[in-house]
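Enquirer: got a predicted model here, sequence first, then my questions.
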There are 2 protein chains.
Amino acid sequence: MEQRVTLITLGVTDLKASKTFYTEVFGWTPLPASDDNIVFFQLNGIQFAIFPDHALAEDAGIDASGNGFRKFSLAHNVRSEKEVDDLIATLKSRGAKIVKQPQKVFWGGYSSYVADPDGNLWEIAFNPFMQLDAKGSVV
Amino acid sequence: MEQRVTLITLGVTDLKASKTFYTEVFGWTPLPASDDNIVFFQLNGIQFAIFPDHALAEDAGIDASGNGFRKFSLAHNVRSEKEVDDLIATLKSRGAKIVKQPQKVFWGGYSSYVADPDGNLWEIAFNPFMQLDAKGSVV
């Protein structure tokens, strides 16, 4: 099995609220394939989707019930500590909930967390040991 | 904010069991930066990590409790329906729990789901509308 992921799908409570967050706060542009049932975004070689949580459970044929911490995080790495500070300031000014203020962390990086409307964690970080190419992909 | 994700981290219950799943069932090779506390894999321009769930919650400074459906899925798209069938047969032979058998789905694709030891969903799918490059990234 090749080492790749092609799509990350978040099962969200309120698709409109999530779409507003990802388009207005993150400032991302949905793909034309998006509609009232699902919204897609093209990222760096992978796609990202927001989809109602009950529909995602139904698609997999599993029980939709679940509470509390969803036990995953997504990271958006940038190229300097200042970029972390600037991005967090921007996201805060647009109404994002800052879960952890930018700070130096034990592994040698500089990290912060913001939450989407469902509490899904996005880490905004600078990792001096991670090399990003021109498109922001990890090399 | 650029449209990218650099790292997906799953908060797992038992790091050894998860490592065995991703290395023995998926057949993936960890990065040298891995240790007894976290295991990293290089994917297509992003990294994937497994990390104890309590440690992930602690890193974000949030409550670690959570139960049931984690409300996200990761997809691994392949290039044909036959590739879906073959990969699911391989994963099943290695002990993976097949949550949904490969089948044609309403959006025009061919899809199945497998679960990791924590029940995290991996969709194994062929999407005739999604173009993959030589490295398996979505173009």
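Expert: That came through, no problem.
Enquirer: would you map the strands across chain A?
Expert: A:7-12, A:39-42, A:47-52, A:66-68, A:72-78, A:97-104, A:110-115, A:121-126 (DSSP state E).
Enquirer: and B:Ala17, which of the ones you listed is closest to it?
Expert: Proximity of those to B:Ala17 was assessed by C-beta to C-beta; the nearest stretch is strand A:72-78, lying at 16.7 Å. For glycine as for every other residue, the C-beta is placed from the backbone atoms N, C-alpha and C.
Enquirer: what are the C-alpha coordinates of that closest one, in PDB please?
Expert: Only the C-alpha atoms of strand A:72-78 are listed here, as PDB (Å, rounded to 0.1, in the frame of the first residue of the first chain):
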ATOM      1  CA  PHE A  72      -6.700  13.900  15.800                       C
ATOM      2  CA  SER A  73      -5.200  17.100  14.700                       C
ATOM      3  CA  LEU A  74      -4.200  18.700  11.400                       C
ATOM      4  CA  ALA A  75      -1.200  20.900  11.200                       C
ATOM      5  CA  HIS A  76      -0.500  23.800   8.900                       C
ATOM      6  CA  ASN A  77       3.200  24.500   9.100                       C
ATOM      7  CA  VAL A  78       4.600  27.900   8.100                       C
END
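Enquirer: tell me the buried residues in it?
Expert: Residues of strand A:72-78 classed as buried: A:72-78 (neighbour count, 16 or more other C-beta atoms under 10 Å in any protein chain shown).
Enquirer: now for A:Gly61, how many residues are close by?
Expert: 10 (other C-beta atoms under 10 Å in any protein chain shown).
Enquirer: cool, and A:Asp59?
Expert: Neighbour count for A:Asp59, taken as other C-beta under 10 Å: 20.
Enquirer: again, but for A:Gly27
Expert: Number of residues near A:Gly27 (other C-beta under 10 Å) recorded here: 13.
Enquirer: mind listing what it touches?
Expert: Residues in contact with A:Gly27 (C-beta atoms under 8 Å, 6 or more residues apart in numbering or on different chains) are A:94, B:1.
Enquirer: how near is A:Trp60 to chain B?
Expert: If you look again at residue A:60, you'll see it is Ala, not Trp. Going from A:Ala60 to chain B by C-beta to the nearest C-beta, to the nearest Å gives 5 Å.
Enquirer: okay, now that residue: neighbour count?
Expert: Residues lying near A:Ala60 (other C-beta under 10 Å) number 20.
Enquirer: thinking it is in contact with B:Lys97, fair?
Expert: No: if you go by C-beta atoms under 8 Å, A:Ala60 and B:Lys97 don't touch, sitting 11.6 Å apart.
Enquirer: give me the distance between the lowest-mean-pLDDT helix or strand in chain A and the centre of its chain.
Expert: Every helix and strand of chain A was ranked by mean pLDDT, DSSP states H and E. The lowest is strand A:66-68, at a mean of 94. When distances are taken as C-alpha atoms, centre = their mean, to the nearest Å, strand A:66-68 is centred 19 Å away from the chain's centroid.
Enquirer: buried sites along that strand?
Expert: Buried residues in strand A:66-68, counted by 16+ other C-beta under 10 Å: A:Gly66.
Enquirer: show me what the longest helix seen in chain A is in contact with.
Expert: Taking DSSP state H as the criterion, chain A has its longest helix at helix A:81-93. Residues from elsewhere that reach helix A:81-93, judged by C-beta under 8 Å, 6+ apart: A:25-26, A:76, A:78, A:98, A:101-102, A:110-112, A:114, A:124-126, B:1.
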